[in-house]
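Asks: what follows is a protein structure lacking sequence information:
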């Protein structure tokens, strides 16, 4: 029986939410607070405002050209050679980004829960869940995300509710933190925070209707950004700027801070379960998307066979940096700054060509 | 060889004597004790005729009263005027002849005619209808299927009085031809689905499929999967509910149950009683069942993970209690848990196989050995007894026998995985386990539909809606008629 098994808008919403929203749990807040101090909580919002037009343009073009994914769109507009090379640049950038990101998450697991274990073994386990999860295909990743999303959000919500009593509102002042220019600079240069969404457009054709992708994606983005901003706001008001700079993983710090009544005083493992679930799903999805991107660039139809080598290489690159601090503050920071102009400007370039081509077609 | 056979079909002869020889040879007359041939001279046309049947499959009173007596005494123009049995069909081919005799019919062959008559007098022996034992309910019909196709069909028809309820027959098995009945609502069920099931059944190239339990394993897509993809139920009311939704039910003689397909994950958690109970009560039961599902699959592994790797999570007072209880136990925690879980499974298996009069004994011995003596001998700690008893008992809340196995096997996977890296490896196992489940399909239907992917349906997943709000048939079955209730449409009441 041919049942339509493709994804719909709610799955898109949850996928976006897992991809973007989960960043509130990693080292991103401490990265931002290095420069912006206590004003870091609205930097994601600024970054989002900067990058939103680019995404809208990209979605518009995908929809207009009825493209399968963004590589297809590049090829349609830029021609095969140029389109593929541009896609390859994006592939390299996001590949390194995902590798560093996965290292970041593995470090979190190691530092917070398994201090005495070898990073290699944790990384291998982490890599294997990504590979074996991704092998099930984008649809299954979508279903799973859709089913677990409510539980993950409820756990986050419980965390927010529990930490609320420790919030000191006055800590958001001075509202501009280290100064307006610094904040604007940080905000503009960190648009690459949303690189994952760019990658998610690889799955444009996996949905029942393109409009469902766009609808789910946009609502998902707005929801995630609201969630990130809200949590960053909580971090600022709970920790204040001096300590937030020194805390690597504010989310986990918060989970260790809260207690549920007098009896359950250490409930971080409860939150860790849902966080792990979200992290797995996020990297399963990222691994699938990056392999899909690779397959699209080199015209490999059965790209799912590449998941294993791709996951392996991600792990190898992720293992290269010496420690978490270097990964985070040097490599990831630099990379974020490099990626931003690429993903912010490429859609506009495409738009120009789109209009130019249309004019040519009309004449 | 087989092809050749079907091309030239052997047929009956006009001479009775030749036909008799054929019959005797085919059915090993004389050697085969319960195969009987009766020769009579009919009164109405003075011809000789023979009756052939298996004495063990037919109702001998009926033969006497509706066939033999009229043939000997009645006058009439044709056979149809003489015989009083309710159904007579003409047969020509020898293969048909085999089929009919094997299915408990009397075949009547008259001298001078090149065909026979098959008269239905079958009386297969079977058990009476009894109460459902594996899926008992408090509220709702109590009867369950029995090992007779006719009785089972009548039990379903009793609940769906609709001429569109079709009972289609398909033969399976090459040597022993068994009937498989497909039951479905013609105006609802998806034709593609039906074709798929039919072709699966006709493609079966096996000598004999005895019953529905074996048939399930022949037609399922993934025989090695940990998850079942076909629902097995012994309740006719359950079957009727699914037929109404647009599923297909398979029935066979000699099985006191039916197969329902396609099916989703939720069907294994749901119980018919959830719908028979009022909205709140039914959903409360569902909640309890989901908690049971969580406990039975997770509690032992959580105990391993928490006490081995995340002991800070356990409140200090409780932690002291646990460590004090474990103080004199020599085994590592995971071994202790595995010992208890395996012991529980052993008792369970032995409990099923044990002869009935001994049943209570094993319960007492088992409880005594595990609960009391093992703790006193410091082989296991009392906490483990609680944990494994909880996980063992809650497993009974999952009433579906197939899914029960899924959960019990899963429990061991989780316990072992929790032993490696605590919560981290447990979540890895859980994610992969779940994603494997989500990737399954039952005859094309995604396993976790309609929760994800979504389809128009009553969204009967975790909880059910009020009966009045149930308006749709499940969209993932692609039924011909999606809407099942029009009584309470928005704004108007008919």
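Replies: Cool, the structure landed. Worth saying up front: this structure is predicted, and the values here are computed from it rather than measured.
Asks: what about residue B:115, how many neighbours?
Replies: Taking other CB atoms under 10 Å in any protein chain shown as the criterion, the count of residues near residue B:115 is 16. (Glycine included, C-beta is placed from N, CA and C.)
Asks: element containing the nearest residue to residue A:139 once chain neighbours are set aside, please.
Replies: Excluding its sequence neighbours, the residue lying closest to residue A:139 (CB to CB, 6 or more residues apart in numbering or on different chains) is residue A:5, at 5.7 Å. According to DSSP states H and E, residue A:5 maps onto no helix or strand at all.
Asks: do I have it right that residue A:5 meets residue B:446?
Replies: Yes: the pair residue A:5 / residue B:446 is scored as a contact, 5.5 Å apart, by CB atoms under 8 Å.
Asks: anything in contact with each of these two?
Replies: Taking CB atoms under 8 Å, 6 or more residues apart in numbering or on different chains as the criterion, residue A:5 and residue B:446 both touch A:139, B:453.
Asks: between the two, who's got more neighbours?
Replies: When neighbours are counted by other CB under 10 Å, residue B:446 comes out ahead of the other of residue A:5 and residue B:446, with 25 against 19.
Asks: flag every buried residue along the top helix by length along chain A.
Replies: Longest helix of chain A, by residue count under DSSP state H: helix A:210-246. Residues A:210, A:212-221, A:223-225, A:227-229, A:231-241, A:244 are the ones in helix A:210-246 that count as buried (16 or more other CB atoms under 10 Å in any protein chain shown).
Asks: and the helix of greatest length in chain B, what other elements does it pack with?
Replies: In terms of residue count, the longest helix belonging to chain B (DSSP H) is helix B:279-309. With contacts taken as 3 or more CB pairs under 8 Å, 6 or more residues apart in numbering or on different chains; DSSP states H and E, helix B:279-309 sits against helix B:265-269, helix B:272-276, helix B:333-353, helix B:382-394, helix B:401-421, helix B:423-438.
Asks: average pLDDT for it?
Replies: In this model, helix B:279-309 carries a mean pLDDT of 93.
Asks: got the angle for that helix vs helix B:401-421?
Replies: 30 degrees (axes from the mean of the first three to the mean of the last three CA atoms, to 10 degrees).
Asks: so how far is helix B:279-309 from its chain's centroid?
Replies: Relative to its chain's centre, helix B:279-309 lies at 27 Å (CA atoms, centre = their mean, to the nearest Å).
Asks: same check on stretch B:407-423?
Replies: 30 Å.
Asks: residues in contact with it?
Replies: A:113-114, A:117, A:122, A:125, A:269, A:272-273, A:276, B:226, B:293, B:296-298, B:300-302, B:304-306, B:308-310, B:334, B:337-338, B:341, B:345, B:391, B:395, B:398, B:425-426, B:428-430, B:433.
Asks: again, but for stretch A:73-85
Replies: So stretch A:73-85 is contacted by A:58, A:61-62, A:65, A:67, A:71, A:86-87, A:297, A:350, A:353-354, A:357 (CB under 8 Å, 6+ apart).
Asks: which of these sit farthest apart?
Replies: A:297 and A:357 (22.0 Å; CB to CB).
Asks: compare these two (neighbour count), which wins?
Replies: More neighbours surround residue A:297 than the other of residue A:297 and residue A:357, with 20 against 13 (other CB under 10 Å).
Asks: so who does residue A:175 touch?
Replies: Applying CB under 8 Å, 6+ apart, the residues near residue A:175 are residue A:39.
Asks: for residue B:441, what are phi and psi?
Replies: Backbone geometry at residue B:441, expressed as degrees, to the nearest 10, gives phi -140, psi 140.
Asks: count of neighbours near it?
Replies: 17.
Asks: distance of it relative to chain A?
Replies: For residue B:441, the distance to chain A (CB to the nearest CB, to the nearest Å) stands at 8 Å.
Asks: and that residue, bridged to which residues?
Replies: When assigned by DSSP bridges, residue B:441 has beta-bridge partners residue B:446.
Asks: could I get the pLDDT score of it?
Replies: The model's pLDDT for residue B:441 equals 91.
Asks: which residues are in contact with it?
Replies: Taking CB under 8 Å, 6+ apart as the test, what residue B:441 contacts is A:5, B:221, B:229, B:447.
Asks: name the surrounding residues that touch the least confident helix or strand in chain A by mean pLDDT.
Replies: When each helix and strand of chain A is scored by mean pLDDT, DSSP states H and E, helix A:324-325 comes last, with a mean of 72. With CB under 8 Å, 6+ apart as the test, helix A:324-325 has contacts from A:27, A:103, A:104, A:107, A:111, A:248.
Asks: check which residues of the host helix or strand of the fifth one are buried.
Replies: Translated: residue A:111. Assigned by DSSP H and E, residue A:111 belongs to helix A:80-113. The neighbour-count check on helix A:80-113 (16+ other CB under 10 Å) flags A:83-84, A:86-88, A:90-91, A:93-110, A:112-113 as buried.
Asks: then stretch B:475-485?
Replies: In terms of neighbour count (16+ other CB under 10 Å), stretch B:475-485 has its buried residues at B:475, B:476, B:477, B:478, B:479, B:482, B:484.
Asks: make JSON lines out of those and add distance to residue A:138 and secondary structure.
Replies: Below are these laid out as JSON lines (distance: CB to CB, whole Å; DSSP: H, G, I helix; E, B strand; the rest coil):
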{"residue": "B:475", "distance to residue A:138": "22", "secondary structure": "helix"}
{"residue": "B:476", "distance to residue A:138": "19", "secondary structure": "helix"}
{"residue": "B:477", "distance to residue A:138": "24", "secondary structure": "helix"}
{"residue": "B:478", "distance to residue A:138": "23", "secondary structure": "coil"}
{"residue": "B:479", "distance to residue A:138": "28", "secondary structure": "coil"}
{"residue": "B:482", "distance to residue A:138": "28", "secondary structure": "coil"}
{"residue": "B:484", "distance to residue A:138": "33", "secondary structure": "coil"}
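Asks: chain A next: which of those are close?
Replies: Among those, the residues within reach of chain A (CB under 8 Å from any CB of the partner chain) are B:476, B:477, B:478.
Asks: do you know the pLDDT at the first one?
Replies: Okay, so that is residue B:476. Model confidence at residue B:476 (pLDDT) stands at 91.
Asks: surely it meets residue B:264?
Replies: Yes: using CB under 8 Å, residue B:476 is in contact with residue B:264, at 7.4 Å.
Asks: overlap in contacts of those two?
Replies: Common neighbours of residue B:476 and residue B:264 (CB under 8 Å, 6+ apart) are B:445, B:446, B:449, B:450.
Asks: Throw the residues you listed into CSV and include pLDDT, thanks.
Replies: As requested, the shared contacts of residue B:476 and residue B:264 are exported to CSV (pLDDT from 0 to 100):
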residue, pLDDT
B:445, 92
B:446, 92
B:449, 85
B:450, 88
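Asks: buried ones among those?
Replies: B:445, B:446, B:449, B:450.
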